[in-house]
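3D model of this:
(one chain, ligands or ions: 1)
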Amino acid sequence: MINAPLPPASGLRPGDRLRARGATSNANGRYEATSRAALDDGWDLPHEDHLIRTQVRDERARSALSFNRSPDIPFDRSVNPYRGCEHGCIYCFARPSHAWLNLSPGLDFETQLIARPGLAQVLDKELRAKSYQPQVIAIGTNTDPYQPLEASRKVMREVVEVLSAFRHPLAITTKGTLIERDIDLLAPMAAQGLLRVGISLTTLDAGLSRKMEPRAAAPARRLATIRKLTQAGIPVRAMIAPVIPGLTDHELEPIMEAVAGAGAEAASWIMLRLPLEVAGLFQDWLAENYPDRAAKVMARVRDVHGGKEYDPAWGKRMRGEGLWSRLIAQRFDKALPRYRLVKEMPPLRCDLFSAPFARGNQLSLF
Ligand code: SF4
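Numbering: from 1, shown residues only. Purely as a prediction, here's the structure:
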């Protein structure tokens with residue numbers, strides 16, 4: 001359903017349905033100078049199904065590494081091959097970043113994508129800087145590097161090629177089965193203690209997943225990916241993220257059992273958080289897809305975030321607080337040994353890092 005203003009050019013009207021998209025609206029990003037409003041002109045036309053095609057633009061990357069200083073994030077640097085994500089998860093906390101591009105964190109986030117070709121060359125240059133000190137690079141913590149677009153653009157594969165050549169530690173987070181394509185690069189990195197992978201799984205219910213994460217692989221397919229990676233010797237953490245209180249929290253133990261059966265060695269969880277525009281998008285989606293449970297879910301969400309839809313305070317934003325948060329944490333901790341899962345994975349190695357010869361440097365040997 002389209003519940004909020006959409007660009008006139010889209011041809012969408014309030015009440016129309018979208019095929020295989022997460023957001024039900026395309027409200028303005030918070031930095032846009034103009035705003036749009038849908039107007040009921042009184043014509044009672046039948047509502048339509050719409051298929052919005054994905055559009056891709058290129059961005060020439062000027063820098064590859066982004067650094068952060070958040071004390072509750074276990075890495076200080078990341079690389080982002082794409083902006084926006086076609087998987088379209090309604091709860092995605094990266095959605096608000098699309099507003100920086102003057103695009104909507106709603107449908108634009110999952111339909112107007114930006115690829116960053118040449119990122120690997122920029123990364124190569126940054127890693128060669130004399131002052132560079134290696135620490136784990138996280139990829140997939142903003143948008144998914146193995147989203148469908150990667151099949152044709154291969155920006156992520158090129159980045160992995162560079163990191164593999166530098167023997168640089170890497171932590172990947174994804175829902176994308178395309179990661180299996182790169183096992184030839186990833187397995188040798190894992191064997192050297194340079195790689196770990198997080199596969200995010202929020203539910204085992206294929207119907208719920210299709211509505212909530214419309215273009216991500218189905219839960220059973222993600223379990224198959226965990227199996228393939230672990231069989232290739234790649235250590236996998238299952239990330240139950242987010243846990244949606246009142247909608248998916250009852251699945252915590254079954255998910256842990258399933259991922260352990262597929263070979264995951266570690267698991268973690270993050271509470272649903274709804275920063276900025278995600279709060280409205282998620283509530284529109286709930287009202288459209290689960291109207292009978294919407295009030296209960298939002299009451300629980302506010303419960304775990306101190307009465308708000310989101311509390312950005314460090315230390316609270318990932319897990320929330322209060323009774324529901326404590327209950328989930330206790331259940332998770334109790335289930336870990338039952339399924340032989342651990343919370344922490346061994347640290348990745350930074351001591352193997354070394355810059356390979358750059359193309360053209362061979363001449364200096366003569
Ligand atoms: S796969 Fe990750 S980055 Fe992509 S929409 Fe879903 S949560 Fe966001």
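
Show residues contacting stretch 67-74.
75-78, 141, 314-315, 317-318 (Cβ atoms under 8 Å, 6 or more residues apart in numbering). C-betas here are computed from N, CA, C, even on glycine.

change it to 7 Å
Contact partners of stretch 67-74, identified using Cβ atoms under 7 Å, 6 or more residues apart in numbering, comprise 76-77, 314-315, 318.

List only buried entries from the residues you listed.
Using 16 or more other Cβ atoms under 10 Å as the burial test, those include M318 as buried.

So for the residue nearest to I226 when sequence neighbours are not counted, what's the pLDDT?
Residue nearest to I226 in three dimensions, not counting chain neighbours: A262, with 4.1 Å by Cβ to Cβ, 6 or more residues apart in numbering. On pLDDT, A262 comes in at 98.

related to what we said a few turns ago, and which of the contacts of stretch 67-74 is nearest the ligand?
Among the contacts of stretch 67-74, M318 lies closest to the ligand (Cβ to the nearest ligand atom), at 14.5 Å.

Next up, the contacts around that closest one.
72, 270-271.

From the residues you listed, list the buried ones, please.
Among the contacts of M318, those classed as buried by 16+ other Cβ under 10 Å are 270-271.

Just send the contacts of M318 back as CSV, with secondary structure, pLDDT and distance to P347 too.
Converted to CSV, those look like this (DSSP: H, G, I helix; E, B strand; the rest coil; pLDDT from 0 to 100; distance: Cβ to Cβ, whole Å):
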residue, secondary structure, pLDDT, distance to P347
D72, coil, 79, 18
I270, strand, 96, 21
M271, strand, 96, 26
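
number of nearby residues for the closest residue to E32 other than its chain neighbours?
Sequence neighbours aside, N102 is the residue nearest to E32 in space, at 5.6 Å (criterion: Cβ to Cβ, 6+ apart). Counted by other Cβ atoms under 10 Å, the residues lying close to N102 total 12.

Surely N102 is in contact with D108?
No: the pair N102 / D108 is not scored as a contact, 9.3 Å apart, by Cβ atoms under 7 Å.

circling back to that earlier point, from the ligand, how far out is the residue nearest to I226?
19 Å (Cβ to the nearest ligand atom, to the nearest Å).

count of residues packed around that residue?
The burial count for A262: 22, using other Cβ under 10 Å.

Over to A191?
Using other Cβ under 10 Å, A191 is surrounded by 12 other residues.

do Q112 as well
When neighbours are counted by other Cβ under 10 Å, Q112 registers 19.

One more: the one 4 residues further on?
By the other Cβ under 10 Å criterion, the neighbourhood of R116 contains 21 residues.

R53 too?
The criterion is other Cβ under 10 Å. On that basis, R53 has 5 neighbouring residues.

how about Y82, phi and psi?
phi -140, psi 150 (degrees, to the nearest 10).

who does it bridge with?
Y82 has these beta-bridge partners by DSSP bridges: A115.

From G106, how far off is it?
Taking Cβ to Cβ, to the nearest Å as the measure, Y82 falls 18 Å from G106.

now A329: how far from the ligand?
22 Å.

List the contacts of that residue.
By Cβ under 7 Å, 6+ apart, the contact list for A329 reads R319.

which residue packs closest to C89, ignoring adjacent ones?
Using Cβ to Cβ, 6+ apart, the closest residue to C89 is E213 (4.4 Å).

thinking again about what came up before, the residue nearest to I226 contacts R227, doesn't it?
Yes: counting by Cβ under 7 Å, A262 does reach R227; the two are 4.6 Å apart.

In which helix or strand does the closest residue to T174 other than its chain neighbours reside?
Distances taken as Cβ to Cβ, 6+ apart put Y146 closest to T174, at 4.5 Å, once the chain neighbours are dropped. Y146 belongs to no helix or strand when assigned by DSSP states H and E.
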